[in-house]
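Asker: here is my input, please return the structure:
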Amino acid sequence: MATFVMLLPHYVQYMGIVWLLHRRKFGTAPARVSRGQSVLMRLSSDLRLLVPVLTAIGVAFYVASHFSRRNGFFPHFEALYLFIAFQHFYMDGLFWAFRRPEIRSTLSPFLMRRREPAVATAS
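Answerer: Sure thing, here's the model as predicted:
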């Protein structure tokens, strides 16, 4: 339970960063995209879809937790949940390794978008 409570805010933060990255990266449709990319583009561009999908995932985990607890196999659910958490941290190290130049050059422009300077108008 402590692991769940500790990781939940991290997942919310992580999903926010991924949403921002996908929204900026896939905001305009390139000429050719895969089916997965088109799904990400659709979810990232419409909060009316994204919020229910994320809520459904959270509810599914809650129901699975409750069901497994009630039927006596909660340790199996917990092991699966912790496996997903550890896999997440491993994948974080691969995908978000900003110390690697190829990762920085691929992701930084979308995460660190600079604002355009305001243009002064002559009156």
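
Asker: flag the shaky bits of the protein, pLDDT-wise.
Answerer: 1, 3-4, 26-31, 113-123 (pLDDT under 70).

Asker: hey, where'd the helices end up in it?
Answerer: Secondary structure of the chain (DSSP state H): helices located at 2-25, 35-45, 47-70, 74-95, 101-111.

Asker: mind giving me TSV with the ones you listed and columns for mean neighbour count?
Answerer: C-beta here means a position set from N, CA and C on the backbone, and glycine is covered the same way. As requested, those are exported to TSV (neighbours: other C-beta atoms under 10 Å):
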stretch	mean neighbour count
helix 2-25	13
helix 35-45	14
helix 47-70	12
helix 74-95	12
helix 101-111	12
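
Asker: quick check, central residue of this protein?
Answerer: Geometric centre of the chain, nearest residue: Met15, 3.0 Å, by C-alpha atoms, centre = their mean.

Asker: mind listing what that residue touches?
Answerer: The contact partners of Met15, by C-beta atoms under 8 Å, 6 or more residues apart in numbering, come to Leu54.

Asker: measure it to Arg100 for me?
Answerer: 23 Å (C-beta to C-beta, to the nearest Å).

Asker: Tyr90 now?
Answerer: The spacing between Tyr90 and Arg100, counted by C-beta to C-beta, is 15 Å.

Asker: go ahead and confirm Ser44 touches Trp19.
Answerer: Yes - Ser44 lies in contact with Trp19 (C-beta atoms under 8 Å); the separation is 6.0 Å.

Asker: tell me, what's touching those two both at once?
Answerer: The contact sets of Ser44 and Trp19 overlap at Leu50 (C-beta under 8 Å, 6+ apart).

Asker: for stretch 41-48, the distance to its chain's centre please.
Answerer: 13 Å (C-alpha atoms, centre = their mean, to the nearest Å).
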